[in-house]
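**Student:** Quick one, what's the 3D model for this:
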Amino acid sequence: MLNRPQHYYRRFQIRSGKKQRRIDAPRVGLKIIQKWFGHYLARAITMPDVVVGFVPGRSILHGAAMHCRAKWVFSTDIKDFFQSTPTAIVKNALVDIGYTEHGAEIASGLSSLNGVLAQGSPASPVLSNLAFLKVDRQLQEYCHERGLVYTRYADDIVISGAGKPSPNISSDVRGMIETGNWQLSEEKTTLLSLPNRLKVYGLLVDQARPRLTKGYRRRLRAIRHLVDSGKIDAQNDPKAYERACGHLAFAQSVEDFSDRVQKDST
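**Tutor:** Residues are numbered from 1 along each chain as shown. Model (predicted):
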């Protein structure tokens, strides 16, 4: 597997917005190994609170909640996160948490293809978190010194604050990220201040609790009507029904989370 990894993957394209995204999906035997390793590693390491993606017990809700009452939000995206994370950085990160050189080489190699993390590997999310940890700490320290809030969910980076944002924030963040092998997606980099609508991971954060947008709430009402009226059901269109239930469950999780936040604050 380590000597000829390309034989253990199948490559295909999926549509992501207006673009095509390449996926290298591991074949069954390798996928089982990667899934086990990713599951084990995610529970064996402790990530900073600011990392809210691919960490057991954390979600976009936890990330959005940290930015509530913000007056401005800076958000950006790491370009091709997995496919720009070199195997060498992953290996060094594993050594840093106690793996031997040989063990780290095997573990990183089993989830890599062509010298970078494989896009379709179940272990890539947790390994990318580990590889990016040094940059996370730099960004966290940068924000702490300035009274700002930093979070990251996978490749989505968010910084917010209550005062006036620095005009240098984009270049400062870019400089720290580029100390590794990563780059920002310039087209996905934004800095918005009130009275503009402030969103973090798709949720509104201008008040005390994360909230769904009006547009998403309207969509939910339409979905609920289709489900309640039987126009979408599990028997006739199981995929559409599953998607509908996923949206409704997410909305309920936002409401439940907001209720817990309110109780904790009283």
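
**Student:** for whichever strand or helix holds S258, which positions count as buried?
**Tutor:** Using DSSP states H and E, S258 sits in helix 238-265. Buried positions in helix 238-265, judged by neighbour count with 16 or more other C-beta atoms under 10 Å: 240-241, 244, 250-251, 254, 257-258, 261. Any C-beta I mention is one placed from the backbone N, CA and C, and that applies to glycine too.

**Student:** Please apply the same query to stretch 144-157.
**Tutor:** 148-157.

**Student:** can you check stretch 105-117 too?
**Tutor:** Neighbour-count burial for stretch 105-117 [16+ other C-beta under 10 Å]: 105, 107-113, 116-117.

**Student:** And the residues you listed, which is closest to I97?
**Tutor:** Relative to I97, the closest of the buried residues of stretch 105-117 is A107; by C-beta to C-beta it sits at 10.8 Å.

**Student:** mean confidence for whichever strand or helix holds that closest one?
**Tutor:** Secondary structure from DSSP H and E places A107 in helix 101-109. When pLDDT is averaged along helix 101-109, the result is 95.

**Student:** show me what contacts I232?
**Tutor:** By C-beta atoms under 8 Å, 6 or more residues apart in numbering, I232 lies in contact with 223, 226, 240-241, 244.

**Student:** Now with 10 Å, please.
**Tutor:** By C-beta atoms under 10 Å, 6 or more residues apart in numbering, the residues touching I232 are 223, 225-226, 238-245.

**Student:** Closest one of these to Q13?
**Tutor:** For the contacts of I232, the nearest to Q13 is K239 (20.1 Å; C-beta to C-beta).

**Student:** if I pick the closest one, what's in contact with it?
**Tutor:** Residues near K239 by C-beta under 10 Å, 6+ apart: I232.

**Student:** before we move on, what about V200?
**Tutor:** So V200 contacts 60, 63-68, 70, 73, 75, 149, 151, 153, 156, 158, 160, 210 (C-beta under 10 Å, 6+ apart).

**Student:** which among those end up buried?
**Tutor:** Burial by neighbour count, 16+ other C-beta under 10 Å: within the contacts of V200 this picks out 60, 63-68, 70, 73, 75, 149, 151, 153, 156, 158, 160, 210.

**Student:** Which of the residues you listed fall in strands?
**Tutor:** Cross-referencing the buried ones among the contacts of V200 against strands under DSSP state E gives 73, 75, 149, 151, 153, 156, 158, 160.

**Student:** Adding distance to R217 and pLDDT, write those residues out as TSV.
**Tutor:** Converted to TSV, those look like this (distance: C-beta to C-beta, whole Å; pLDDT from 0 to 100):
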residue	distance to R217	pLDDT
V73	20	98
S75	22	97
V149	25	98
T151	24	98
Y153	22	98
D156	22	97
V158	22	98
S160	23	98
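
**Student:** can you list the residues you listed in TSV and add distance to T179?
**Tutor:** Listed next are these as TSV, based on distance: C-beta to C-beta, whole Å:
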residue	distance to T179
V73	24
S75	20
V149	21
T151	19
Y153	21
D156	19
V158	19
S160	23
